[in-house]
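1. Sequence plus the predicted model coming up.
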Amino acid sequence: MALVVMKFGGSSVADADKMRLVASKIASKKKSGNKIVAVVSAPGDTTDDLLKMAEKISPNPPAREMDVLLSTGEMMSIALLAMALDAMGESVISLTGPQAGIFADLQHRQAKIKKIIPHKIHKLLNKNHIVIIAGFQASNANGDITTLGRGGSDLTAVALAAALKADACEIYSDVEGVFTTDPRIVKEARKMDYLSYNEMLEMACSGAQVLQSRSVEVAKKFNVMINARGTFSDDAGTIIASEEMIKKLSGRKKMEAMIVSGITFDKDQVKFTIVDLPDTPGVAARIFNDLAKINVNVDMIIQSAAVDKKNDISFTVVESDMKKTQIELDKIASEFNATRVECDDQVAKVSVVGVGMRTNPGVAAMAFEILAKSGVNIEMISTSDIKISCVIDEVDTMKAVEALHKGFKLSKSHKA
């Protein structure tokens, strides 16, 4: 008897009909002889609606109270889904994150899972119950409820799969797997059969919204194979695993033939530039240490060559961190007598991702040439073994994505 963790996103449980569909999928999997742990997100746009309501009440609500508020969405889902399964004659129990034994650190809104004590889950499974668990939430050392950040239900599912030593971890959403780019933007986008952890991590960090990046990190650390599937389709999804496992599943020659796997984009970017900083040791360290203290994650960084013992530093952050970053940089600029702080929120990041890039020179040059021929100006560049990212003007995003997707022959007609 296999133990399967099934996670369903908000779009999969957005209304009563979809709840019943999800319940039927879970019941069918159970009837096939499996033990089932299902993890669910809040229904539809519930989390966004709660955020908007909080904004109307307070411009700066306490993080602890925001966690209390936002966690209610997943509680709705687990109760309703349990009711749907019960109506089908299934034995089912719903649990909140804390009831399931998920414990996190003391940080609110972006808590990190410290440990999972799954004793209660095992007891319920041994009694032949389907166990429905609220994603996105945990308990901290103070006994407070915390949330795991946007997409945190993915993290809940993968972490539970690791803790329970599950035989399978299936992540269901409104798309049928991971595509070479967003199929809503490029109709010829192709669903990929396999992706390595590293590729999926780079894609998630670069704007692909199929999986939360932290969930992929945990999957890689504990070697949890993920099957990203569509809730409303019976087609095979995308297997996300180690490169070694994918080579066994797909064939070594095919794996080595892949140069670029996908094109991602992220419009949720803001570029800051501090102009005329003193060119002395420790300045950059001070800037980024101060930003780290207020929990701002910096992505791409460029420092210009020194002129008259001064230089500029540019970097990107996510748009939600724009206000607090601006406030902190204004203080730093004043202290170091910098000329000014520039903020540009009309930028986007476009990335080319693929493990084959490691052993295929010229991918970066090809990407830059494709963008140049499309009339897309590059403002910043960042590279790694398996990713090339460019910051561009936001208005050029779709043009850049379409050109790169076509240029690297990623459409359905070019499937290997």
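-> Yes, it's here. Numbering: from 1, shown residues only.

2. what about residue 367, which helix or strand?
-> In this structure, residue 367 sits in helix 363-373 according to DSSP states H and E.

3. For the following helix or strand past that helix, what is the distance to the chain centroid?
-> The helix or strand immediately downstream of helix 363-373 is strand 378-383, counting by DSSP H and E. In terms of Cα atoms, centre = their mean, to the nearest Å, the centre of strand 378-383 is set 21 Å apart from its chain centre.

4. where exactly do the strands run in the stretch 101-250 of the chain?
-> Remark: strands assigned in the stretch 101-250 of the chain by DSSP state E, counting those that start in this stretch are 102-104, 113-116, 130-134, 137-139, 145-147, 168-173, 194-196, 226-230, 238-241.

5. The longest one pairs with which strands, parallel or anti?
-> When you say that, I think you mean strand 168-173. strand 3-8 (parallel), strand 226-230 (parallel) (DSSP bridges).

6. give me phi/psi at the nearest residue to residue 364 once chain neighbours are set aside?
-> Once flanking residues are discounted, residue 364 sits nearest to residue 388: 5.2 Å by Cβ to Cβ, 6 or more residues apart in numbering. Quick note: C-beta positions are derived from backbone N, CA and C, even for glycine. Dihedral angles of residue 388 (phi, psi; degrees, to the nearest 10) stand at phi -120, psi 120.

7. Counting neighbours, what do you get for residue 388?
-> 24 (other Cβ atoms under 10 Å).

8. ok, now residue 300?
-> For residue 300, the neighbour count with other Cβ under 10 Å is 18.

9. cool, residue 312 as well?
-> 18.

10. From residue 361, how far off is it?
-> Per Cβ to Cβ, to the nearest Å, residue 312 is found 31 Å from residue 361.

11. got it, and residue 405?
-> Counting by Cβ to Cβ - residue 405 and residue 361 are separated by 21 Å.

12. Those two: which is more packed in?
-> residue 405 (25 against 8).

13. now the strands of the stretch 101-250 of the chain as JSON lines including mean neighbour count?
-> Putting the strands of the stretch 101-250 of the chain into JSON lines (neighbours: other Cβ atoms under 10 Å) gives the following:
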{"stretch": "strand 102-104", "mean neighbour count": "24"}
{"stretch": "strand 113-116", "mean neighbour count": "16"}
{"stretch": "strand 130-134", "mean neighbour count": "27"}
{"stretch": "strand 137-139", "mean neighbour count": "26"}
{"stretch": "strand 145-147", "mean neighbour count": "27"}
{"stretch": "strand 168-173", "mean neighbour count": "24"}
{"stretch": "strand 194-196", "mean neighbour count": "25"}
{"stretch": "strand 226-230", "mean neighbour count": "22"}
{"stretch": "strand 238-241", "mean neighbour count": "24"}
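
14. Ok, which of those comes nearest residue 400?
-> Of all these, the one in closest proximity to residue 400, counting by Cβ to Cβ, is strand 194-196 (21.8 Å).

15. of the strands paired with strand 168-173, which approaches residue 110 most closely?
-> strand 3-8 (19.4 Å).

16. right, and the helix or strand after that closest one?
-> Once the chain leaves strand 3-8, the next helix or strand it forms, by DSSP H and E, is helix 16-31.

17. Only the buried residues of that following helix, if you could.
-> 18, 19, 20, 21, 22, 23, 25, 26, 27, 29, 30 (16 or more other Cβ atoms under 10 Å).

18. Now the first one: closest residue in space, sequence neighbours ignored.
-> When you say that, I think you mean residue 18. That would be residue 12: by Cβ to Cβ, 6+ apart, it lies 6.1 Å from residue 18.

19. what's the answer for the fifth one, then?
-> Closest residue to residue 22 in three dimensions, ignoring its sequence neighbours and counting by Cβ to Cβ, 6+ apart: residue 8, at 5.2 Å.

20. Okay then, goodbye and thanks.
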